[in-house]
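S.K.: Here is a sequence together with a model predicted from it:
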Amino acid sequence: MRRARAPWAVCPTRTDKSPPCTGAGDDHSDRATHRPPPALSDLGPLPAWWVADISPGRIPRRYLDPKGGSEMADDTKLVNVKDLGERGVAKVHTRHGQLAVGKASGKPFAVSNRCRHLGASLGEGTVTEDGCLQCPWHGARYDVTTGKMTRGPQGALFAPVRQLVCALTNSLARLKRYQVVERTGGIHLVE
């Protein structure tokens, strides 16, 4: 079933970057038929089908700009800082998969969620006093700014292979890092 186009939608036949057209079927030969997009307050309530197509937390900030001014950066709020608790880290589901998101040494971070040792969820770990992310299973530690393992798995069973695990992880499988910013009490993934 085809949906009716919103009157402020950009015409798909346009190749230049001029403002949206006034309606369907416009051949774009007369520039006078084009007008700038309306301010968000002039649009009234957004159509239900439009809102349903956007997953929660993924509405681009440019649509939320109350003054209808210039476009703002597109980002996603991952977690509220106050929700991090004593551990300083949380597991968050994103379009990139699960991420471990938190604050270390006063700076926000987001890294891949799985420990490179045995796959534990780093989002269930803790942030140490020295700013490293510690695995909840065997105590391996990661530098969240570089993705490197700074301390191998702990325990007598892992003592013979601790350095090998650390070296292999740092050369082959560092944690993937994602750019984040802290704004208005939350940590946002910059897309």
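M.R.: That came through, no problem. A quick note: this is a predicted structure, and the numbers were derived from the prediction, not measured.

S.K.: What residues of stretch 164-171 count as buried?
M.R.: Using 16 or more other C-beta atoms under 10 Å as the test for burial, stretch 164-171 gives Val165, Cys166, Thr169, Asn170. For the C-beta atoms, the positions are set from N, CA and C on the backbone; glycine is no exception.

S.K.: outside of that stretch, which residues touch it?
M.R.: With contact meaning C-beta atoms under 8 Å, 6 or more residues apart in numbering, stretch 164-171 is reached by Arg116, His117, Ala140, Lys148, Met149, Thr150, Arg151, Gly152, Pro153, Phe158.

S.K.: Kindly report the same for stretch 182-190.
M.R.: 73, 75-82, 94, 96, 99, 101-103, 108, 110, 178-181.

S.K.: From those residues, which land in strands?
M.R.: 75-80, 94, 99, 101-103, 108, 110, 178, 180-181 (DSSP state E).

S.K.: between these, which is closest to Glu129?
M.R.: For the ones in strands among the contacts of stretch 182-190, the residue nearest Glu129 by C-beta to C-beta is Lys103; the value is 12.8 Å.

S.K.: thought the closest one was touching Thr126?
M.R.: No: taking contacts as C-beta atoms under 8 Å, Lys103 lies outside contact range of Thr126: 12.0 Å.
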